[in-house]
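Colleague: here is a sequence together with a model predicted from it:
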Amino acid sequence: MLKEQANQILARLEENGFEAYFVGGCVRDWLLGRPVHDIDICTNAHPRDVMRLFPEHIPTGLQHGTVTVKQGDALFEVTTFRVEGNYRDFRRPDEVQFVSDLTEDLQRRDFTINAIAMDRAGTLFDPFHGLADLRQRIIRAVGEPKQRFAEDALRLLRAARFAAQLGFEIEPLTYEAMKQSADFLPRIAVERMRDELNKLLNGAFPQQGFRIIGETGLLRGYAEWGLPKLFASAETQAWRLVHLTTLPEKWSLLFYAAGSRQRQTAELTHFLRMSNKEQAEIGRLAALLLRVAPEWDRPESVKWAPLLLNVGRQRCLQLASLLMACWHAAQPTDLHTEVDAAYQQLPVKTLQDLTVSGKDLQLHLQKKPGDWIGRVLQALLVQVALHGLANRPETLLAAAKKEVERDAYQT
Ligand code: ATP
Ligand code: MG
């Protein structure tokens, strides 16, 4: 379907006398039989011709020669053959220069497996022998590796990330250059590094990525943030990671395994410019794991009810995933079902289920509003849910009175 739509773009360019090819990740993934989510097209047509031929377009990256073309309900990046100028700041080329030759365009690409083009008939253009490297499961820089990493240090992490996604090895000269070039990595924007690390964590072979990061010292420029240490201890966690589905779960497992303290976790997730929501989620999950994992080391030792009342169903389900990943080899068990069963059994589940509100407590006890309200309500919830206290207003108000008279609430 996607390919059909992309084919129409290629056809239209060809009908107008231009060359056009599928290129990069989509060709690589088709050849490997992996799912393809986006299709990139390269052409000798100038961006202004692309825009003229495809009225439904978005000029997304004209400075790089890229026009996003809408075809049916899908979007495709159509990029004019180009070479890149000097890489003065090691992040972005100073200028792009359009060229007429496909091989020149392929030459600027990072790895041979990403430098294969394919025309509409399925003919491959593979001047750097990417197909042979795909067959041998090798990641090899196009051209002189040291120079390619110096031009753009992101490629260092891309190499590790492709290895983690594909389970490939890195070709020896490329690998050697990675070891020598690791100090370039801090030149790239943190966000770009984070995106690559996320893709690495989501790969099917994360252990491959961790090993490469360790052996090449790739993250050594981030020692003050604890990244090398985090990824060193991650190596022992790789087999667990693949049983987790979400990134916050994966990151929190790494922090937990590295023995990271709450503040270190917060600092590093902040440094990686994760969203506030992700930072909070990872922080809470890692702390929760730290709290319960030492005791909850087998299915029989898990007690969901109090935790459900404390942190809610959603977080308990995430914790269940993490625990299952931690135990996986030894004890296959479906903790999600247990969380839900425990949840169903709770006679009251949240503060809203109580027959008194914070306002009622305040009026009845004649106290100034404050954080005591939340704590008392939480205590009532636990008593009703787990200790048979009746969920009736007069009973709850009396219990609340007793609760505030305890020392802990005398402020
Ligand atoms: P995926 O989209 O699955 O992550 P991809 O190979 O498509 O992988 P993209 O980042 O989408 O990667 O880039 C598309 C293509 O552009 C790559 O296949 C490669 O040919 C080229 N490319 C991307 N980033 C770089 C880079 N930093 N240096 C050189 N070439 C690059
Ligand atoms: Mg892509």
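Modeller: Received, thanks. Bear in mind the structure is a predicted one, so any value in this text is a computation, not a measurement. Ligands and ions are numbered 1, 2, ... in the order given.

Colleague: does any bit of stretch 24-32 sit next to ligand 1?
Modeller: Yes. Stretch 24-32 is in contact with ligand 1 by Cβ under 6 Å from any ligand atom, via Gly24, Gly25. Placement of C-beta: from N, CA and C, glycine included.

Colleague: I figured Cys316 hits Leu308, correct?
Modeller: Yes. Between Cys316 and Leu308 there is a contact under Cβ atoms under 8 Å: 5.4 Å.

Colleague: pretty sure Trp225 is in contact with Ala266, am I right?
Modeller: No. Under the criterion of Cβ under 8 Å, Trp225 makes no contact with Ala266, lying 11.7 Å away.

Colleague: please say which of Cys316 and Leu308 ends up with more neighbours.
Modeller: It is Cys316, of Cys316 and Leu308, that has more neighbours when counted by other Cβ atoms under 10 Å, with 25 against 22.

Colleague: if you skip the residues just before and after it, what's nearest to that one?
Modeller: Nearest residue to Cys316, sequence neighbours excluded (Cβ to Cβ, 6 or more residues apart in numbering): Val339, at 4.9 Å.

Colleague: the helix or strand hosting the one you found: what's the following helix or strand?
Modeller: Take DSSP states H and E as the rule and Val339 turns out to sit in helix 335-345. Using DSSP H and E, the helix or strand that follows helix 335-345 in sequence is helix 358-365.

Colleague: where does the stretch 51-200 of the chain have low pLDDT?
Modeller: The model of the stretch 51-200 of the chain has pLDDT under 70 over residues 85-95.

Colleague: please, where are all the helices along it?
Modeller: Counting by DSSP state H, counting those that start in this stretch, the stretch 51-200 of the chain has helices at residues 102-107, 130-136, 145-151, 154-166, 172-181, 190-202.

Colleague: pull out the buried positions in the second one.
Modeller: Pointing back at helix 130-136 there. In terms of neighbour count (16 or more other Cβ atoms under 10 Å), helix 130-136 has its buried residues at Gly130, Leu131, Asp133, Leu134.

Colleague: just the pLDDT for Leu290.
Modeller: pLDDT, Leu290: 89.

Colleague: so it: helix, strand or coil?
Modeller: Classification of Leu290 using DSSP: H, G, I helix; E, B strand; the rest coil returns helix.

Colleague: quick one: contacts for it?
Modeller: Counting by Cβ atoms under 8 Å, 6 or more residues apart in numbering, Leu290 makes contact with Tyr256.

Colleague: let's have the chain start at 361 instead
Modeller: In the new numbering, first residue 361, that becomes Leu650.

Colleague: next, count neighbours for Ala583.
Modeller: Residues near Ala583, counting by other Cβ under 10 Å, number 11.

Colleague: before we move on, back to that, overlap in contacts of Cys676 and Leu668?
Modeller: Shared contacts of Cys676 and Leu668, defined by Cβ under 8 Å, 6+ apart, comprise Val699, Tyr703.

Colleague: run a quick neighbour tally on the residue lying closest to Gln567 once chain neighbours are set aside.
Modeller: Closest residue in space to Gln567, ignoring its immediate chain neighbours: Ala598 at 3.4 Å, by Cβ to Cβ, 6+ apart. Applying other Cβ under 10 Å, we find 18 residues neighbouring Ala598.

Colleague: which SS state does Ala598 fall under?
Modeller: Using three-state DSSP, the structure places Ala598 in helix.

Colleague: in contact with it, which residues?
Modeller: Contact analysis of Ala598 by Cβ under 8 Å, 6+ apart lists Pro566, Gln567, Phe570.

Colleague: tabulate the residues you listed (JSON lines), appending neighbour count.
Modeller: Shown next, in JSON lines, are the contacts of Ala598 (neighbours: other Cβ atoms under 10 Å):
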{"residue": "Pro566", "neighbour count": "25"}
{"residue": "Gln567", "neighbour count": "19"}
{"residue": "Phe570", "neighbour count": "25"}
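
Colleague: what segments of the stretch 361-510 of the chain are strands?
Modeller: 380-383, 400-403, 417-421, 426-431, 434-440, 442-444, 456-458, 477-478, 484-485, 498-499 (DSSP state E, counting those that start in this stretch).

Colleague: is the fifth one in proximity to ligand 1?
Modeller: No. Looking at strand 434-440 against ligand 1 by Cβ under 6 Å from any ligand atom, there are no contacts, and the closest approach is 8.3 Å.

Colleague: okay, the angle between that strand and strand 426-431?
Modeller: Angle between the axes of strand 434-440 and strand 426-431 is 140 degrees (criterion: axes from the mean of the first three to the mean of the last three Cα atoms, to 10 degrees).
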